[in-house]
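S.K.: Need the 3D shape of this:
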Amino acid sequence: MDHKTPIPNVGEIEPLFKEEVFARDLASQAYANQRGKSEKMRDPYWNDLVEVRAKGFMREYIWTYLRRPSWPEKERPAKLGAFQNWQRQHLRNHQPQTHGAVKGEN
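M.R.: The predicted model follows:
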């Protein structure tokens, strides 16, 4: 309901920056909760996101790895430099993942 960009009749509905941050933050929290209940649950991508979340870099992660051209420059996170320094050590072989999209069909 809060999605403010025009929704196309056909094609992908691009998430707003804050929507992408909210979704990845919530998903990484859910993964961490489930991982705590099962020793078998180990996924490199989600393990990385749990670390990103713990360090408080979710906005910076999203901006760096998943940025959309439609996101305004004024939303650029303030801690990008700190994230990039941390990223070099902790996300060397990281591959971002997106497994779904919302599309409009007419």
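
S.K.: where does this protein have low pLDDT?
M.R.: Along the chain, the model assigns pLDDT under 70 to residues 1-11, 99-106.

S.K.: Please enumerate the strands of it.
M.R.: Ranges of strands in the chain, per DSSP state E, are 11-12, 103-104.

S.K.: How many residues are close by K40?
M.R.: Using other C-beta atoms under 10 Å, K40 has 5 neighbouring residues. Every residue, glycine included, has its C-beta placed from N, CA and C.

S.K.: Y61 now?
M.R.: Neighbour tally, Y61, other C-beta under 10 Å: 27.

S.K.: which parts of the lengthiest helix in the chain are buried?
M.R.: Ranked by number of residues, the top helix in the chain under DSSP state H is helix 17-35. For helix 17-35, a neighbour-count test (16 or more other C-beta atoms under 10 Å) marks F17, E19, E20, V21, R24, D25, S28, Y31, A32, R35 as buried.

S.K.: from what I can see the third one touches I62, true?
M.R.: When you say that, I think you mean E20. Yes: shown here, E20 and I62 form a contact pair, counting by C-beta atoms under 8 Å, at 5.1 Å.

S.K.: Double-check H90 against E51; I have them as touching.
M.R.: Yes: at 6.1 Å, H90 counts as touching E51 under the criterion of C-beta under 8 Å.

S.K.: neighbour count winner among those two?
M.R.: Set H90 next to E51 and count neighbours by other C-beta under 10 Å: E51 wins out with 17 against 14.

S.K.: who touches that one in this structure?
M.R.: Applying C-beta atoms under 8 Å, 6 or more residues apart in numbering to E51 gives the contacts H90.

S.K.: same deal with L80?
M.R.: Residues near L80 by C-beta under 8 Å, 6+ apart: E60, W63, T64.

S.K.: swap in W63?
M.R.: W63 makes contact with F17, W71, E75, R76, P77, L80, according to C-beta under 8 Å, 6+ apart.

S.K.: one more time with 6 Å, if that's ok
M.R.: For W63, the contact set (C-beta atoms under 6 Å, 6 or more residues apart in numbering) comprises P77.
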